[in-house]
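1. sequence-free structure coming up:
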(Lines give C-alpha, C1' and ligand atoms only; values in the text may rest on other atoms or scores of the structure.)
Protein backbone atom coordinates (compact mmCIF):
# COMPACT_ATOMS: atom_id res chain seq x y z
CA UNK A 1 0.00 0.00 0.00
CA UNK A 2 1.29 3.44 -0.96
CA UNK A 3 -0.17 6.71 0.19
CA UNK A 4 0.53 9.79 -1.89
CA UNK A 5 0.18 13.37 -0.71
CA UNK A 6 0.54 16.24 -3.16
CA UNK A 7 1.46 19.81 -2.32
CA UNK A 8 2.64 22.97 -4.02
CA UNK A 9 -0.44 23.98 -5.97
CA UNK A 10 -1.88 27.45 -5.89
CA UNK A 11 -3.00 30.50 -7.84
CA UNK A 12 -0.39 31.98 -10.15
CA UNK A 13 -0.29 34.40 -13.04
CA UNK A 14 0.33 33.18 -16.55
CA UNK A 15 4.01 32.94 -17.35
CA UNK A 16 5.04 32.10 -13.80
CA UNK A 17 6.27 28.79 -12.40
CA UNK A 18 5.20 26.25 -9.80
CA UNK A 19 6.79 23.16 -8.37
CA UNK A 20 4.47 20.41 -7.28
CA UNK A 21 5.61 17.79 -4.80
CA UNK A 22 4.27 14.36 -3.99
CA UNK A 23 5.36 12.59 -0.83
CA UNK A 24 4.91 8.83 -0.71
CA UNK A 25 4.63 6.62 2.32
CA UNK A 26 6.26 3.25 2.71
CA UNK A 27 9.63 1.71 1.93
CA UNK A 28 8.85 0.59 -1.60
CA UNK A 29 8.79 3.96 -3.36
CA UNK A 30 11.69 3.01 -5.60
CA UNK A 31 9.79 0.04 -7.01
CA UNK A 32 7.12 2.25 -8.59
CA UNK A 33 7.26 4.39 -11.64
CA UNK A 34 5.57 7.67 -10.85
CA UNK A 35 3.42 10.02 -12.86
CA UNK A 36 1.41 13.21 -12.79
CA UNK A 37 -2.05 13.50 -14.28
CA UNK A 38 -4.43 16.43 -14.27
CA UNK A 39 -8.14 17.02 -14.58
CA UNK A 40 -9.77 20.29 -15.53
CA UNK A 41 -13.44 20.96 -14.76
CA UNK A 42 -15.69 19.12 -17.18
CA UNK A 43 -12.80 17.26 -18.77
CA UNK A 44 -11.31 13.80 -18.50
CA UNK A 45 -8.25 13.13 -16.41
CA UNK A 46 -5.19 13.35 -18.66
CA UNK A 47 -1.56 12.32 -18.53
CA UNK A 48 1.04 15.02 -17.86
CA UNK A 49 4.39 13.36 -17.17
CA UNK A 50 5.94 10.13 -15.90
CA UNK A 51 9.30 8.97 -14.60
CA UNK A 52 10.94 5.57 -14.30
CA UNK A 53 11.83 3.85 -11.04
CA UNK A 54 15.42 5.07 -11.16
CA UNK A 55 14.62 8.44 -12.68
CA UNK A 56 16.52 7.92 -15.91
CA UNK A 57 13.46 7.67 -18.10
CA UNK A 58 10.76 10.32 -18.53
CA UNK A 59 7.83 11.05 -20.80
CA UNK A 60 5.71 14.16 -21.23
CA UNK A 61 2.41 15.10 -22.77
CA UNK A 62 2.80 17.29 -25.82
CA UNK A 63 0.89 20.07 -24.09
CA UNK A 64 3.61 20.47 -21.42
CA UNK A 65 6.73 19.31 -23.27
CA UNK A 66 9.47 21.90 -22.90
CA UNK A 67 7.69 23.56 -19.97
CA UNK A 68 7.57 20.74 -17.46
CA UNK A 69 10.21 18.64 -15.72
CA UNK A 70 9.44 15.58 -13.65
CA UNK A 71 12.03 14.35 -11.17
CA UNK A 72 12.22 12.10 -8.13
CA UNK A 73 14.27 11.65 -4.99
CA UNK A 74 14.09 8.01 -3.93
CA UNK A 75 15.90 8.73 -0.68
CA UNK A 76 13.15 11.20 0.24
CA UNK A 77 10.25 9.21 -1.27
CA UNK A 78 9.25 12.27 -3.26
CA UNK A 79 8.41 13.04 -6.86
CA UNK A 80 8.31 16.56 -8.26
CA UNK A 81 6.76 18.35 -11.20
CA UNK A 82 8.33 21.67 -12.14
CA UNK A 83 6.01 23.67 -14.38
CA UNK A 84 7.29 26.79 -16.12
CA UNK A 85 5.65 29.35 -18.40
CA UNK A 86 2.26 28.40 -17.02
CA UNK A 87 -0.81 29.03 -19.16
CA UNK A 88 -4.47 29.41 -18.19
CA UNK A 89 -5.13 26.06 -19.88
CA UNK A 90 -2.85 24.43 -17.30
CA UNK A 91 -5.54 25.12 -14.70
CA UNK A 92 -6.55 21.77 -13.23
CA UNK A 93 -6.44 19.47 -10.26
CA UNK A 94 -3.06 17.73 -10.45
CA UNK A 95 -2.79 14.14 -9.25
CA UNK A 96 0.26 12.14 -8.30
CA UNK A 97 0.16 8.48 -9.35
CA UNK A 98 2.15 5.32 -8.69
CA UNK A 99 2.46 2.40 -11.11
CA UNK A 100 3.63 -0.93 -9.72
CA UNK A 101 4.43 -2.29 -13.18
CA UNK A 102 7.15 0.31 -13.65
CA UNK A 103 5.82 1.66 -16.95
CA UNK A 104 6.97 5.25 -17.37
CA UNK A 105 6.26 5.62 -21.10
CA UNK A 106 2.92 7.41 -21.37
CA UNK A 107 1.09 5.28 -18.82
CA UNK A 108 -2.66 5.04 -19.12
CA UNK A 109 -5.13 5.67 -16.34
CA UNK A 110 -5.87 1.95 -16.12
CA UNK A 111 -2.22 1.20 -15.29
CA UNK A 112 -2.16 3.29 -12.13
CA UNK A 113 -2.28 1.46 -8.83
CA UNK A 114 -2.37 4.41 -6.41
CA UNK A 115 -3.58 7.98 -6.63
CA UNK A 116 -3.12 11.01 -4.45
CA UNK A 117 -5.95 13.36 -3.53
CA UNK A 118 -4.76 16.10 -5.86
CA UNK A 119 -3.50 19.65 -5.60
CA UNK A 120 -5.22 22.53 -7.37
CA UNK A 121 -3.32 24.68 -9.85
CA UNK A 122 -5.07 27.80 -11.09
CA UNK A 123 -3.41 30.03 -13.67
CA UNK A 124 -4.84 33.49 -14.22
CA UNK A 125 -4.41 35.39 -17.46
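-> Thanks, I have it. Because the structure is a prediction, the values reported are computed rather than measured.
2. how about the strands in the protein?
-> 4-7, 10-13, 18-24, 33-39, 46-51, 58-60, 68-73, 78-83, 92-99, 114-115, 119-124 (DSSP state E).
3. so which of those is the most packed in?
-> Mean neighbour counts were taken over those using mean count of other C-beta atoms under 10 Å, and the top value, a mean of 25, falls to strand 33-39. (Glycine included, C-beta is placed from N, CA and C.)
4. Tell me the strands beside it, with direction?
-> strand 46-51 (antiparallel), strand 92-99 (antiparallel) (DSSP bridges).
5. Go through these and name the closest to residue 21.
-> For residue 21, the closest of these is strand 92-99, at 8.6 Å, according to C-beta to C-beta.
6. what about that closest one, average pLDDT?
-> For strand 92-99, mean pLDDT rounds to 98.
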